[in-house]
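Trainee: with the input below, show me the fold.
(one chain, ligands or ions: 1)
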Amino acid sequence: MTAQTMEELVSLCKRRGFLFQSNDIYGGIKGLYDYGPMGVEFKNNLKQAWWKSMVYERDDTEGLDASILSSPVVLKHSGHEDTFTDPLVDCRACKSRWRADQLFENNKCPNCKSEDLTEPRPFNLMFKTAIGPVDDGSSFAYLRPETCQQIFTNFKNILDSTSRTVPFGIAQMGKAFRNEITPRNFIFRVREFEQMELEFFVKPGTDDEWHEYWINKRIEWWVNQGIKKENLKKIEVEKNELAHYSKRTVDINYVFPHGEEELEGVANRTDFDLGSHTKNQNDFKITSEVMKNSSSTTKLAVQDLEEKKWYIPFVIEPSAGVDRGVLALLNEAYREENVDKDNKRILLSLKPHLSPIKAAVIPLKKNNEELVNLSKEIKSNLQTLGLGRVVLENSGNIGKNYRRHDEIGTPICLTVDFETLEDKSVTVRDRDTMKQERVSIENLSEYYKKYFN
Ligand code: GAP
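Mentor: Alright, predicted model coming up:
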């Protein structure tokens, strides 16, 4: 079972500290959200899982964490200054603004139903900010609209500082910014979000095969994070809807509570980006339509040792949205169950590696010195194992604690009771089955480690 409505998820997220509307004490700002105590742990765990699979578990990738503020020259050559637009229409009657391609009823304002709309005009989605103390428009930067451009501009730095040869990839996670005309559906479409992007550089001619490889690999990864395969769809992007850099893109769609939409895109970006940012483009046979006359001072190419010539690699790009991943996984893990004929519970059946809290240690009686001290000791021992956050719950209300930890997806709760002082064992309660067993404190570390493996 998943959530039935987006409202169920929004309510859980606020109640249990996953997500808050940003600046909400001043009325909030549309399209911006803050991750609360549970949200930040969950999001970090998701990013860590991606990094592990993209960097640590592979022998053909490197990582990067580049600046967010981006030079206009980079975004001119990437094509974003000219083409990163959505069609904007204004309603003359109620003064609201809409994306022309998202009007549900053609030529009608979704707010007031007036048909008095302006002609669509291109609206660039990039945010600008001044660089330096004088804001006279002469020196500005963009907040990056995708994380990958700095991967391309660092291509040579990374080649020169590592021993990589094609095929190899560069991975990066971090913030991206888009001034969306109509942010909506909770954290699905927002103005500040995070991406997890891999740019995988391959020899032209091998690109189609690598593209298929990454499409399948990425679906497999989402399934390993806990999304049912039947809720993921492979969608071939129509030729006339491809981004300006793409030869072929396959979207991995997920059935969100508001409908089926893109979770991740896997694009074949050809030699578009490295070609656009490269010095002396005419020295290369560039296949795609690139920005001519790059002012770059660097050749972003590699040498084919057999054919003894330089070429610009093609790029396969799996690009996933962190926030959309958070939303999809919360939805997927959401359950409502009858505990008995009078009581229901909500739980998040998250994979343990993603759970914000890995274990809660609960002394049966609040402020009882012996029980609390022993609980603290158990908590810090488990914490040192480095598998994620462990908490001590000193409120004395076991039922309430179980309910709270079910809702935030804590896989196990450990209760320290008076018997513990005698038999040196604790009660371990499993989130999904609610089954309880006694485990000796001596064996707890091993038990805990096995649980997370
Ligand atoms: N570098 C390629 C790129 O940025 P994209 O399809 O525009 O491609 C990649 O974005 C992913 O980033 C999307 O699949 C989505 O998960 C996420 N994303 C894009 N715009 C977003 C927004 N406004 N809010 C939340 N996530 C977004």
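Trainee: now the stretch 251-400 of the chain against the ligand: closest residue?
Mentor: Closest contact between the stretch 251-400 of the chain and the ligand, by CB to the nearest ligand atom, is at Gly321 (2.2 Å). No exception for glycine: its C-beta is placed from N, CA and C like everyone else's.
Trainee: right, and that residue touches Glu197 too?
Mentor: No: taking contacts as CB atoms under 8 Å, Gly321 lies outside contact range of Glu197: 9.9 Å.
Trainee: now do the contacts for Arg438.
Mentor: Arg438 sits next to Asp423, Ser425, Val426, Thr427, Val428 when contact means CB atoms under 8 Å, 6 or more residues apart in numbering.
Trainee: list the beta-bridge partners for it.
Mentor: Residues in a beta bridge with Arg438, per DSSP bridges, are Thr427.
Trainee: tell me how far it lies from Arg218.
Mentor: Arg438 is 42 Å from Arg218, where distance means CB to CB, to the nearest Å.
Trainee: cool, Arg184 as well?
Mentor: Counting by CB to CB, the separation of Arg184 from Arg218 is 25 Å.
Trainee: higher neighbour count, those two?
Mentor: Higher neighbour count among Arg184 and Arg218: Arg218, with 23 against 12, using other CB atoms under 10 Å.
Trainee: wait, doesn't the more buried one sit right on Ala320?
Mentor: Yes: applying CB under 8 Å as the test, Arg218 and Ala320 come out as touching, 7.3 Å apart.
Trainee: number of nearby residues for Ile408?
Mentor: 23.
Trainee: quick one, strands of the stretch 51-200 of the chain?
Mentor: 61-64, 69-70, 85-90, 97-99, 121-124, 128-130, 140-143, 168-177, 192-202 (DSSP state E, counting those that start in this stretch).
Trainee: so of the ones you listed, which one's packed in deepest?
Mentor: Ranked by mean neighbour count, those are led by strand 192-202 with a mean of 23 (mean count of other CB atoms under 10 Å).
Trainee: re the thing from before, mutual contacts of Arg218 and Ala320, please.
Mentor: Glu264.
Trainee: and the residue in the stretch 1-150 of the chain that the ligand sits nearest to, what is it in contact with?
Mentor: In the stretch 1-150 of the chain, the residue that lies nearest the ligand is Glu146 (3.5 Å; CB to the nearest ligand atom). By CB under 8 Å, 6+ apart, the residues touching Glu146 are Ala176, Gln195, Glu197, Ser319.
Trainee: so what sits opposite the nearest residue to the last one once chain neighbours are set aside in the bridge?
Mentor: In space, and not counting its chain neighbours, Ser319 is closest to Glu197: 4.6 Å by CB to CB, 6 or more residues apart in numbering. Beta-bridge partners recorded for Glu197 (DSSP bridges): Gln172, Ser319.
Trainee: what does Leu348 give?
Mentor: Under DSSP bridges, the beta-bridge partners of Leu348 are Tyr334.
Trainee: what of Asp90?
Mentor: Bridge pairing for Asp90 (DSSP bridges) gives the partners Arg97.
Trainee: quick one: contacts for it?
Mentor: Asp90 is in contact with Ser96, Arg97, Leu117, Thr118, counting by CB under 8 Å, 6+ apart.
Trainee: cool, and Asn45?
Mentor: Counting by CB under 8 Å, 6+ apart, Asn45 makes contact with His353, Leu354, Ser355, Pro356, Gly388.
Trainee: now Lys217
Mentor: Counting by CB under 8 Å, 6+ apart, Lys217 makes contact with Pro318.
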